[in-house]
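sequence and predicted structure below; questions after.
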Amino acid sequence: MGEDLRMTGPAVELRGVSKAFAGIRALTDVSFDVRPGEVHALLGENGAGKSTLIKIMAGLHQPDTGEILVNGTARRFASPRDAHAAGIATVHQELLLFPELTVAENIFLGRAPKTSLGTLDWTAMRRRARELLDILDCRELDIDMKVASLSVANRQRIEIARALAQDARVVIMDEPTAALAEADVQRLMDIVRKLRASGVSIVYVSHRMPEIFALADRVTVLRDGNLIGTMDIAAVDESRLVAMMVGRAVDKLYPARQGQSGATALELRNVSYRTVIRDISFDLRHGEILGLAGLVGSGRTETALTIFGITPATAGEILIDGKPVAITSPEAARDLGIAYVPEDRGSQGLIRAQTIADNVALANLRRLTRGFLMDAGKVLAEAKKAIEKFGIRARGPEQIVRQLSGGNQQKVVLGKWLATNPRILIMDEPTRGIDVGAKAEIHLLMRKLAAEGMAILMISSELPEVLGMSDRVLVMNSGRIVAAFDKAAATPEAVGAAMTHSAASRSAA
Amino acid sequence: MTASTAAAAPIGRSNLQRFVGGYGQEIVVLLSIVALFVVVGAINPRFLSDTNINSIFAGNAYIAVAAIGMTMLIISGHIDVSVGSLIGVIATIAGTLAVSGYPIWVAWLVPILFGIAVNAGVGALVAYMRIPSIVVTLGMLSILKGGLISATGGEWITDMPPGFMIAQMRLFGIPSAVYFMVILTILAALFMRYTAFGRAIYAVGGNMEAARAAGLNPERTVVGVFALHGLFAGIAGILFATQLQVIQSTVPPNLELTVITASVIGGVSILGGTGTVIGSTLAAILFACIGSALIFLNVSAYWLRAVLGLMILATVLADMIRRRRVL
Amino acid sequence: MTARLLFRHETILAILTVIALFVLSMLSDKFFTVDNLLNQGRLMSEVGLVALAMTFVIVTGGIDLSVGSILGLTAILFGIFWQSLGLPIPLAMAAAIASGTFAGFVNGLIITRFSVPPLIATLATLALYRGLAEGISQARSVRGYPEWFFFFGQGEVLGVPFQLWILGICTVIAAVILAYTPFGRATYAIGANETAARFSGIRVDAVKLWIYTAAGFMSALAAVIFVSRVTTTRSDMGTGLELDVITGVVLGGTSIFGGKGTILGTALGLILIQALKNGLALSGVKGDGTIVVIGVVLIAAILIGAIFDRNRGG
Amino acid sequence: SAWTGGDDLPTNPLACDATPGAAVAKPYDGGVPTNPPDRKGKKITVVDIPKLIGIGYFNATSKGISDAAAELGNVDAKTDGPTKANIDEQITFIDNYITSGVDGILFAANDPVAIAPVLKKALEKGINVVGYDANSTPDARQWFVNQAEFNGIAKSLVDNLAAEIGEEGAFAIVTSTFTTPNQARWIAEMAAYAAKCHPKMKWLETVEAQEDNNLSFNQATTLINKYGDELKGILGMTSVATPASAEAVTQLNKCGTIAVVGLATPNAMKPYVEKGCVKSVVLWNPVDLGYAAMQVLRSVADGTLQPGATTVKAGKLGDLQVINGSEILLGAPFVFNKDNIGQFDF
Ligand SMILES: Nc1ncnc2c1ncn2[C@@H]1O[C@H](COP(=O)(O)OP(=O)(O)OP(=O)(O)O)[C@@H](O)[C@H]1O
Ligand SMILES: Nc1ncnc2c1ncn2[C@@H]1O[C@H](COP(=O)(O)OP(=O)(O)OP(=O)(O)O)[C@@H](O)[C@H]1O
Ligand SMILES: [Mg+2]
Ligand SMILES: [Mg+2]
């Protein structure tokens, strides 16, 4: 059937679509089409309107003007059900899962296999879930586990499995690799290729250029809700795409280091948390960026949580500026000058129902007071400062964070923590889901902070980022630090090997 | 159950593991009941007499039945604090119809339909107008309670036809209320596990936005689950009305708290998305057992409520500790 | 932004209250008199005091069903301390209030240390504290307090009932704390997203512990005023108080899901309910009719709020 | 022991034979309204605020009140009150009616002391205040219509029970709550009277059942199951508990082996009495009680009933006796049985 459709035109087409939220234009007169059996990349800065476009195709939003055509006929998607019926499946940016239900059920909810009696067929459901996850190479993932206990990456996989389970003709993926480590990205890209080969169309959103060039047939760029253009991938190169996205040229090289490492800011001696992380020892100096690499579940986040006092160490010693400290809670950590930008901004980083100002004030409540009372002036000033410093795209400090795009939300988290004037900054996936422009800004900022003497511990699943930004690299595997590299020794091969081999060579830390 | 036992082990965890993992709280409650029977039975064997067991089960069956609907409602992320008043109103309507000479099936059916209709209305306000269910039902609590007294003046209903007294009928020596409790629990459990609508209730309670994205219609699901809750409240009301020769025509005191407590102790998460109807029925039985056991153990009635409170705390804490270990 | 958004519900409520006051004073000339209004203030003091703390509780996304039982327990302990232990009244009062506060603290402890959902924890202590009240008192009531003690519940200062001063002062303090202090900010943050609040270095457990303890304290304070007003102590005092309190708070626009709500709203909600109870009674509506009206008003007020919110878009 | 409740007031058991209690002459100890307007013969508005509305018993008193009002012709009476027996709500109701300016208040107190301040307030406003069924402290009202004295009820109940289960029978009690004053007094008086006159009767225990039909039924059932053949009788202390206990005995097929004696309204008990499952039900006539209370209030308003009076005219009930300074006695408790129960409808 793929053959016929390829002749007859686009599988899905959007014509002149506009959408505004409470007066803010998210999309203006955008036309977009997906051909059968192609991978169509959708690019744009944070807040450019990618997710909005996708939600319209998924039936979650209704366009204000414009129309949607499926196989050439105009359709109205009043709800996601209509989109499913039209053969469109979506992997959303904020993972839309059911935490208390099992993996298998999450994959099949809403279209579970039925028995001849019309009741749900759990056996078939669990079997097919297993098959789908095996296709995705997630053999270790237990289908009877509740999703609540899974990592972000594993949840992402479930979302993808769910889209696969729909046998859709168009699969939309909104930043599917944002939460994935390198190896998983490769697996996902294989799956995308397999799907394309079977005639499925894919709309693919990512901020990662290499993926775009490796996968896409065509690419569409949005900027500020406007369509900038749609091109064959062969007709563009990276700098051209970036220029289209940001409207200017961006230096995509990682900024060079300025200044030298100073005294030791943070030192861990044989720190363990239950059996989750064991015998972690390393030191972090002022003025350096220490990269922490590892696979999903290797314990990097847990290490950060222990340093930050969420899961206080059960053994070992933590020293700050050479003095042993007891970090029993996040507030203790904060008062010791530690800031932590968490990996899951939706649930850990932000209060999305509150304003930017409220969020920025959150970690600084005691400082933003006059006497016993909050000082509204100071709160606003702090928020304005953050908006300017990070170029947060917002109407102002009083905008509700929920209304911001993913990348801009992340900048609010950064703003909140830098407002505490920390001396040690832990950044867990600091640029996850952040566009090239903003990403470069954040990298530049990290460098600047380091040059000013900030000690930065960066956790990232993007190997190029780890290698590009870190002055030293630590590699974690199964809850332990298994390798440490100087900048010169940190080659992709060496770090990758340490990440994946459980009995990796243990060079001195 | 039969279907899943057929599933081969390598697909997921072992069946036993899954069972214990999935029914932790139910097992805790069941063991509490068993322990209670063993201990109290050892102290006073009359506790285990068939008449006493019959009384424990039959006398509180209506609470278990109401708790089934409440559990579904809580799983969907909502709550109904007016259920006690509703049961009072339903019982009064049933009794009034029965003594007014309507056919008995009318006296049984109309109040149940009333319960469904009222709750579907509440559900519509909750789902489409986005008013939190606790607010609407707090309002309904006042309306039903005040309305009932205004309408009846608290006049007791007596002299109901014998055929109407369905809760008192017996089969093989066991009161019909017990059959209602057991059969409805099993049906509801199967419904919740093996129908698309049942799973939609879990989904909507777990994550409303995700449910919408998965192609469900959360609003319709919410109205549906409220209507279902109305159905169970209706049946509970009929059992309640036909248990004794008189109907008090007032709102049974604290019934809503008892019903909600049964659901909650049965393992339904007040945050929505988890729980089973088997748990709530077991919890309702546990309460009935405790009430009876306290009398048997000569616990001074003054301390009854304190003991009940402690039992609830103990059950919940046991569950919390268990969960912490599992995680 | 939030402030403006919240102001909406309070505006609607204020308009509703004004309409209600107007209509009620049309229906009965006895309604809008200084004497009657002050007296109504006296009658709503206990519910009002507890509602202030309950606003904080609900803003954190929690609930406290045990307030009525704490009131009963405190009342009994007060009576026992005075009569059976022979403590002087002021000391008995302090000890009883301390005990009630401790009961609230225990609620907080169960909720924060063992992460038991507030609804369940306080459902259990609702039974537990009431049971303790009954067990300790053995159903005996305590009477015969000295005349001067009745000042707290029946006395006046500058022509205004004593407890209305207390309520007024507490309302102002609560309003300032919730709206303008770091503690208030933390309260909202916890209600809106507890994890994010924790990850922002807010002492979530400490804040919650304080709030449930405060709910215990306010219930205990209300208990003493209540005993003084009715001149006797019984173990069933305050039964069902939690529903009245929650109705007032919710009518005041505090979101039961947490993260939203103000003391002003709560105050308006309480005033509206009390005005309806009193005004309708004065104009000849019977108690059962009044209950129905309050139910309808509760649903209607929240419904209107929801419709306004929706038309705002978003 | 079986009973530790009550309010520590002294008990005063009657003699074991039919000797009536010695009426001690006592000066008037009721309150006096402040500057009441002259209400003699004028139309007055009266509000009746019972413990709670919506139960059979107070429906009956309410009926008596409106009967009397209709008969008098110059009284505008209505009944209003809380939906549960709650002191606080009852106080609020009374307070509201004081404000609305009624001429007379009839009440049945949920708590004798708690209700006193608001009743005194009514007296201060010149309102005539008369209680019935459940008293307040005497100085907070003018008169109290006493349906039957506590010791009289106690004697009647215990004697009837002894007659049915024998001098050595064992029994249990189902009451509303231990804190309900009337029930607590009755039980205390029963304990005193039983100890004095039926010392071998075995008091097993007392259980609470609110004013809740189904709970009363469950509690009674559990008692029967617990004690088996040992239990010979159940005493119901409320008009809710007694029929529910009778129902429990009926459903467990224990009619004839377990006696049920108690306070109850005849309508609720008819089925059990007619079937022979219950032999005697003790109660005054609540319609008469309400009727008498209304008559007394009218007399007080007219000024025809003054402190120091020894009797009062109460319409069709004739002259009622004044006892204890400011109480008016309705009469001895009435015992309903198979022969007479059909004649009553309330
Ligand atoms: N529900 C909403 N209410 C108000 N504004 C919204 C809403 N959703 C999106 N917006 C606004 O629409 C614009 C486009 O957002 P969108 O999420 O589509 O961006 P995006 O391209 O997906 O960005 P990112 O790469 O950061 O995910 C942004 O300015 C955002 O603030
Ligand atoms: N092999 C595994 N399969 C599935 N889940 C796992 C596995 N190992 C760990 N997890 C889960 O993954 C979660 C993530 O662990 P953690 O956050 O420590 O890893 P991380 O190295 O920070 O990974 P991430 O890339 O997600 O940040 C943990 O909650 C853990 O339960
Ligand atoms: Mg997006
Ligand atoms: Mg991580």
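In hand now; what should we look at? Here the structure is a predicted model, which is why all the values come from computation and not from measurement. Ligands and ions are numbered 1, 2, ... in the order given.

can we go C-alpha only for contacts and neighbour counts from here?
Fine.

in three-state terms, label the one residue in the stretch 101-250 of chain D that gets nearest to chain C for me.
In the stretch 101-250 of chain D, the residue that lies nearest chain C is D:A114 (4.3 Å; Cα to the nearest Cα). Assigned with DSSP: H, G, I helix; E, B strand; the rest coil, D:A114 falls in the coil class.

that one and C:S228 touch, don't they?
No - the pair formed by D:A114 and C:S228 falls short of the contact definition of Cα atoms under 8 Å, at 9.5 Å.

what's the closest non-adjacent residue to the residue of the stretch 101-250 of chain D closest to chain C?
Spatially, and ignoring its direct neighbours in sequence, D:A114 is nearest to C:V230 (4.3 Å; Cα to Cα, 6 or more residues apart in numbering or on different chains).

now C:G104
C:G216 is the one closest to C:G104 (Cα to Cα, 6+ apart), at 3.8 Å.

wait, doesn't the one you found sit right on C:F105?
Yes - at 7.0 Å, C:G216 counts as touching C:F105 under the criterion of Cα under 8 Å.

can you dump the C-alpha atoms of the host helix or strand of B:I90 in PDB for me?
Per DSSP states H and E, B:I90 falls inside helix B:83-99. Below are the C-alpha coordinates for helix B:83-99, written out as PDB (Å, rounded to 0.1, in the frame of the first residue of the first chain):
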ATOM      1  CA  VAL B  83     -22.800   8.800  49.900                       C
ATOM      2  CA  GLY B  84     -24.300   8.400  53.300                       C
ATOM      3  CA  SER B  85     -27.000  10.900  52.600                       C
ATOM      4  CA  LEU B  86     -27.700   9.400  49.200                       C
ATOM      5  CA  ILE B  87     -28.200   6.000  50.800                       C
ATOM      6  CA  GLY B  88     -30.600   7.500  53.300                       C
ATOM      7  CA  VAL B  89     -32.600   9.100  50.500                       C
ATOM      8  CA  ILE B  90     -32.600   6.000  48.400                       C
ATOM      9  CA  ALA B  91     -33.800   3.900  51.400                       C
ATOM     10  CA  THR B  92     -36.600   6.400  52.100                       C
ATOM     11  CA  ILE B  93     -37.700   6.500  48.500                       C
ATOM     12  CA  ALA B  94     -37.700   2.700  48.300                       C
ATOM     13  CA  GLY B  95     -39.700   2.400  51.500                       C
ATOM     14  CA  THR B  96     -42.200   5.100  50.500                       C
ATOM     15  CA  LEU B  97     -42.800   3.400  47.200                       C
ATOM     16  CA  ALA B  98     -43.100   0.000  48.900                       C
ATOM     17  CA  VAL B  99     -45.800   1.100  51.400                       C
END
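
tell me the helix or strand right after that helix.
helix B:104-128.

does chain A have contacts with that next one?
No - counting by Cα under 8 Å from any Cα of the partner chain, no contacts exist between helix B:104-128 and chain A, the nearest distance being 15.1 Å.

if you count neighbours, what's buried in whichever helix or strand comes after that helix?
For helix B:104-128, the following helix or strand on the C-terminal side (DSSP H and E) is helix B:133-152. Neighbour-count burial for helix B:133-152, counted by 16 or more other Cα atoms under 10 Å in any protein chain shown, picks out B:133-150, B:152.

can you tell me which helices and strands the helix holding B:I90 packs against?
With contacts taken as 3 or more Cα pairs under 8 Å, 6 or more residues apart in numbering or on different chains; DSSP states H and E, helix B:83-99 sits against helix B:104-128, helix B:133-152, helix B:218-241, helix B:255-265.

mind checking pLDDT for residue 155?
Went with chain A since none was named. pLDDT, A:R155: 81.

wait, I meant chain C there
On the pLDDT scale, C:G155 gets 83.

quick one: residues contacting it.
C:161-162 (Cα atoms under 8 Å, 6 or more residues apart in numbering or on different chains).

ok, and the closest non-adjacent residue to the residue of the stretch 151-300 of chain B found nearest ligand 2?
Nearest residue of the stretch 151-300 of chain B to ligand 2, counting by Cα to the nearest ligand atom: B:G206, 19.4 Å away. Nearest residue to B:G206, sequence neighbours excluded (Cα to Cα, 6+ apart): B:G273, at 4.0 Å.

and D:N182, by the same measure?
D:A134 (6.6 Å).

what parts of the stretch 201-327 of chain B come near chain D?
Looking at chain D, the residues of the stretch 201-327 of chain B close enough under Cα under 8 Å from any Cα are B:240, B:243-246, B:248-250, B:252-253, B:292, B:295-296, B:301.

which of the residues you listed sit farthest apart?
Spanning the widest gap among these are B:S249 and B:F296, at 30.8 Å by Cα to Cα.

between these two, which is the more surrounded one?
B:S249 (27 against 21; other Cα atoms under 10 Å in any protein chain shown).

need the contact list for B:T96.
B:I157.

distance of it from C:Y188?
From B:T96 over to C:Y188 the distance is 49 Å, taken as Cα to Cα, to the nearest Å.

returning to what we had before: chain C is nearest to which of the helices and strands packed on helix B:83-99?
Nearest to chain C, of the helices and strands packed on helix B:83-99 and by Cα to the nearest Cα, is helix B:133-152 at 3.9 Å.

any idea whether A:S116 is helix, strand or coil?
From three-state DSSP, the assignment for A:S116 is coil.

show the pLDDT at the residue nearest in space to the middle of chain D.
The structure's chain D has its C-alpha centroid closest to D:D133; by Cα atoms, centre = their mean the separation is 4.3 Å. Looking at D:D133, its pLDDT is 89.

is chain A within reach of the helix or strand harbouring C:V172?
According to DSSP H and E, C:V172 maps onto helix C:162-180. Yes - using Cα under 8 Å from any Cα, we find that helix C:162-180 touches chain A at C:Y180.

could you pull up the mean pLDDT of that helix?
Here the average pLDDT along helix C:162-180 is 94.

show me what the helix or strand just after it is packed against.
Once helix C:162-180 ends, the next helix or strand along the chain (criterion: DSSP H and E) is helix C:182-192. If you count contacts as 3+ Cα pairs under 8 Å, 6+ apart, helix C:182-192 packs onto helix C:34-59, helix C:162-180, helix C:194-199, helix C:204-230.

centre of the chain versus helix C:182-192, how much separation?
Averaging C-alpha positions (Cα atoms, centre = their mean, to the nearest Å) puts helix C:182-192 19 Å from its chain's average.

output stretch C:247-263 as PDB, nothing but the C-alphas.
The C-alpha coordinates for stretch C:247-263 follow below in PDB (Å, rounded to 0.1, in the frame of the first residue of the first chain):
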ATOM      1  CA  THR C 247     -17.100  23.800  53.500                       C
ATOM      2  CA  GLY C 248     -16.100  27.300  54.600                       C
ATOM      3  CA  VAL C 249     -12.500  26.900  53.300                       C
ATOM      4  CA  VAL C 250     -13.600  25.400  50.000                       C
ATOM      5  CA  LEU C 251     -16.400  27.900  49.400                       C
ATOM      6  CA  GLY C 252     -13.600  30.500  50.000                       C
ATOM      7  CA  GLY C 253     -11.900  29.300  46.800                       C
ATOM      8  CA  THR C 254      -9.100  27.200  48.300                       C
ATOM      9  CA  SER C 255      -8.400  24.400  45.800                       C
ATOM     10  CA  ILE C 256      -8.800  21.000  47.400                       C
ATOM     11  CA  PHE C 257      -5.900  19.900  45.100                       C
ATOM     12  CA  GLY C 258      -3.600  22.400  46.800                       C
ATOM     13  CA  GLY C 259      -1.500  25.300  45.700                       C
ATOM     14  CA  LYS C 260      -4.300  27.800  45.600                       C
ATOM     15  CA  GLY C 261      -6.300  29.700  48.200                       C
ATOM     16  CA  THR C 262      -6.300  32.700  50.500                       C
ATOM     17  CA  ILE C 263      -7.300  33.600  54.000                       C
END
